[in-house]
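Asker: sequence unknown, structure follows:
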């Protein structure tokens, strides 16, 4: 009976998976003519071009290797995110397969990552697991939209101080979040905020389990020794197996395990189930979905860039976002959590000799086979054995060197860094990213507003006529408009006959800058004067034509350079003298 149910369940999974994949391949075909950088997206995969049969062995070995690494991480990240470990395995299988087939990088390995832990845990604690699936589904749609409308390049404009700030903050949350498992505090309640979780640990500090600490320390020692002396060995798997074997042999039933806390991992494939999406839930989860999508985009593209640097190949940013989006749309339909490109697993894939995306496919198939054959044994894994794995991941993602370097600069970037870091740790990632970006933008505006320069001199061409030339250098936008207006205010009071504005070094003009300039020109005209524009770039002329300022001044008031404008003023002066 059990075998029959297993076969029916597997058949149901494969059939529904086939239907869903057909649906998304239809979407893929529909958008295949969307222009990106002037060229159509061609989803016919060129990543297999020139593939040789001899490469199959390399892809097979690398796929198995990275699959071995992905299994413990998938379970660990799921548990740390507040969900059952099998959901991390499902995510590893499905997202890894879809991104390998449809992503924009040859070597990308996708799955659950540590960067998602704080935001996913917050969603689970506040809204529950079912709504996490909806948030992941929404994030997938956003990623697909980002890919279709070629927004991949925009990710590169996020300041490094913001990314280092929230990445290091996430590392702190992951590291401290494992203290309970490390110490064997089984009665801890997960809280939404960092300080609440730390207080919870202190309240239960008398319940420390020595066996858990011993198990965790053994795992930590194994990680240090293997990393130092045999780095080619899959350290995380070894660091999981050795403490588990010791715990099972020498002190069984003394510490919490996956089985005692979460129950046995099902030895079967997940069932297809569409989330119960309502407009009310979309409104509630919109902010979380946006952060998941943004974070997923950053992580996946950063991972792809790392892969490019290691291999000399180039990824397609927008195609990568499209593939990541499809993965996050499909994965929740089978109970999986949000996924993105995993830098460490992608690097392992490359170092193991991967040649093509086939290694990512093999990685997913290996994890699937392992789930079907060995799932019952995972119930014996102690939570204390998983704690050092996540602490190791947190340490590697902390970027403490870059953090210290930016702090030493003592610039506005340092403030952005500390603000983003503190808000990530003590409030939440959504607020942290928003505040970090806002501070970075304000800092940028301040710097730009200080970059606007004025250089003016009086031209004494005659004794009775006044002429003045102003050289405007830098951006003329809302941040500098006030300074621009203030600098020219005294000119209106003295009312020279002709004012020449040399705008050859103006880098930009926005609506506010254009309005201030129009107001100044109007003031000069009311005082009986004339304004000439010299050296304005073509884009500026086009802007003035659209705004009507070109027509207001007249074509005769525009000159290719300052010398031409001065020559015109000289001729006017001579005419006036005659």
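Answerer: Okay, I see it. Since we're looking at a predicted model, the values are computed, not measured.
Asker: Okay, buried residues for the helix or strand harbouring residue 119 please.
Answerer: Using DSSP states H and E, residue 119 sits within helix 117-127. Neighbour counts over helix 117-127 (16 or more other C-beta atoms under 10 Å) mark 117, 118, 119, 120, 121, 122, 123, 124, 127 as buried. Where you see a C-beta, it was placed from the backbone N, CA and C, and this is true even at glycine.
Asker: what helices or strands is the helix or strand that it is followed by leaning on?
Answerer: Note on helix 117-127: by DSSP H and E, the next helix or strand toward the C-terminus is helix 129-148. Identification of packing neighbours for helix 129-148 by 3 or more C-beta pairs under 8 Å, 6 or more residues apart in numbering; DSSP states H and E yields helix 117-127, helix 279-311, helix 317-330.
Asker: just those helices: most buried one?
Answerer: helix 317-330 (a mean of 27; mean count of other C-beta atoms under 10 Å).
Asker: quick one: contacts of whatever helix or strand comes next after it?
Answerer: Using DSSP H and E, the helix or strand that follows helix 317-330 towards the C-terminus is strand 340-341. Around strand 340-341, the neighbours that count as contacts under C-beta atoms under 8 Å, 6 or more residues apart in numbering are 99, 103, 105, 108-110, 113, 115-116, 295-297, 299-304, 320, 324.
Asker: Pull the distance from the helix holding residue 119 to the chain's centre.
Answerer: Centroid displacement of helix 117-127 relative to its chain, using C-alpha atoms, centre = their mean, to the nearest Å, is 18 Å.
Asker: wait, isn't residue 295 in contact with residue 115?
Answerer: Yes. Residue 295 is within contact range of residue 115, at 5.9 Å (criterion: C-beta atoms under 8 Å).
Asker: which residues touch residue 283?
Answerer: Residue 283 touches nothing, counting by C-beta under 8 Å, 6+ apart.
Asker: Roughly how far does it sit from residue 291?
Answerer: 15 Å (C-beta to C-beta, to the nearest Å).
Asker: can you list the domains in this structure?
Answerer: 58-396, 453-577 (automatic domain parsing).
Asker: taking the ones you listed together, which one is wrapped up most tightly?
Answerer: Using mean count of other C-beta under 10 Å, domain 58-396 ranks as the most buried of the domains of the chain, with a mean of 21.
Asker: ends of that domain, how far apart?
Answerer: 27 Å (C-alpha to C-alpha, to the nearest Å).
Asker: re the thing from before, out of the helices and strands packed on helix 129-148, which comes closest to residue 485?
Answerer: Nearest to residue 485, of all these, is helix 279-311, at 36.9 Å by C-beta to C-beta.
Asker: Save the helices and strands packed on helix 129-148 as CSV, and put in mean pLDDT too.
Answerer: Converted to CSV, those look like this (pLDDT from 0 to 100):
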stretch, mean pLDDT
helix 117-127, 93
helix 279-311, 92
helix 317-330, 96
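Asker: okay, the ones you listed in CSV with distance to residue 568 next?
Answerer: CSV is the format used below for these (distance: least, C-beta to C-beta, whole Å):
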stretch, distance to residue 568
helix 117-127, 62
helix 279-311, 52
helix 317-330, 49
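Asker: which other helices and strands contact whichever strand or helix holds residue 434?
Answerer: For residue 434, the host element (DSSP H and E) is helix 429-449. Where contact means 3+ C-beta pairs under 8 Å, 6+ apart, helix 429-449 is packed against helix 117-127, helix 160-177, helix 279-311, helix 412-426.
Asker: Contacts made by whatever helix or strand comes next after the second one with the rest, please.
Answerer: Right, the one you point to is helix 160-177. Reading on from helix 160-177 to the C-terminus, the next helix or strand found by DSSP H and E is helix 179-183. Around helix 179-183, the neighbours that count as contacts under C-beta under 8 Å, 6+ apart are 185, 188, 200-201, 205, 208-209, 212-213, 216, 256, 383-384, 386-388, 391.
Asker: go again using 6 Å as the cut-off
Answerer: Here helix 179-183 makes contact (C-beta atoms under 6 Å, 6 or more residues apart in numbering) with 188, 201, 208, 216, 383, 384, 387.
Asker: The fifth one against residue 259, yeah?
Answerer: Which is residue 383. No. Residue 383 lies out of contact with residue 259 (C-beta atoms under 6 Å); the separation is 10.4 Å.
Asker: Can you name the residues that contact residue 155?
Answerer: 297, 298, 301.
Asker: JSON lines please, covering these and showing distance to residue 77.
Answerer: Output for these, formatted as JSON lines (distance: C-beta to C-beta, whole Å):
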{"residue": "297", "distance to residue 77": "18"}
{"residue": "298", "distance to residue 77": "17"}
{"residue": "301", "distance to residue 77": "20"}
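Asker: Of those residues, which is the nearest to residue 409?
Answerer: Among those, and counting by C-beta to C-beta, the member closest to residue 409 is residue 298, at 22.2 Å.
Asker: Can you say which of the helices and strands packed on helix 429-449 is nearest to residue 243?
Answerer: helix 160-177 (18.2 Å).
Asker: averaged over its residues, what pLDDT does that closest one have?
Answerer: Taken as a whole, helix 160-177 has an average pLDDT of 91.
Asker: Kindly report the same for stretch 212-228.
Answerer: 96.
Asker: which residues touch it?
Answerer: Under C-beta under 6 Å, 6+ apart, the answer for stretch 212-228 is 182, 184, 233, 235, 238-239, 242-243, 247, 255, 382, 384-385, 387-388, 392.
Asker: Least confident of those?
Answerer: residue 233 (86).
Asker: What strand or helix carries that one?
Answerer: When the helices and strands are read off by DSSP H and E, none of them contains residue 233.
Asker: swap in residue 469?
Answerer: With DSSP H and E as the test, residue 469 turns up in strand 467-476.
Asker: ok, for the residue nearest the centre of the chain, nearest residue in space, not its chain neighbours?
Answerer: In the chain, the centroid-proximal residue (C-alpha atoms, centre = their mean) is residue 298; its distance is 2.1 Å. Of all residues not flanking residue 298 in the chain, residue 155 sits nearest, at 5.6 Å (C-beta to C-beta, 6 or more residues apart in numbering).
Asker: and that neighbour, how far is that from residue 569?
Answerer: In terms of C-beta to C-beta, residue 155 sits 50 Å off from residue 569.
Asker: sorry, back to before: which of the contacts of stretch 212-228 sit farthest apart?
Answerer: Farthest pair in these (C-beta to C-beta) is 184 and 233. Separation: 27.5 Å.
Asker: if we can go back for a sec, how about the helices and strands packed on helix 429-449 in a markdown table, adding distance to residue 57?
Answerer: Compiled in a markdown table, the helices and strands packed on helix 429-449 are given as follows (distance: least, C-beta to C-beta, whole Å):
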| stretch | distance to residue 57 |
| --- | --- |
| helix 117-127 | 36 |
| helix 160-177 | 36 |
| helix 279-311 | 18 |
| helix 412-426 | 43 |
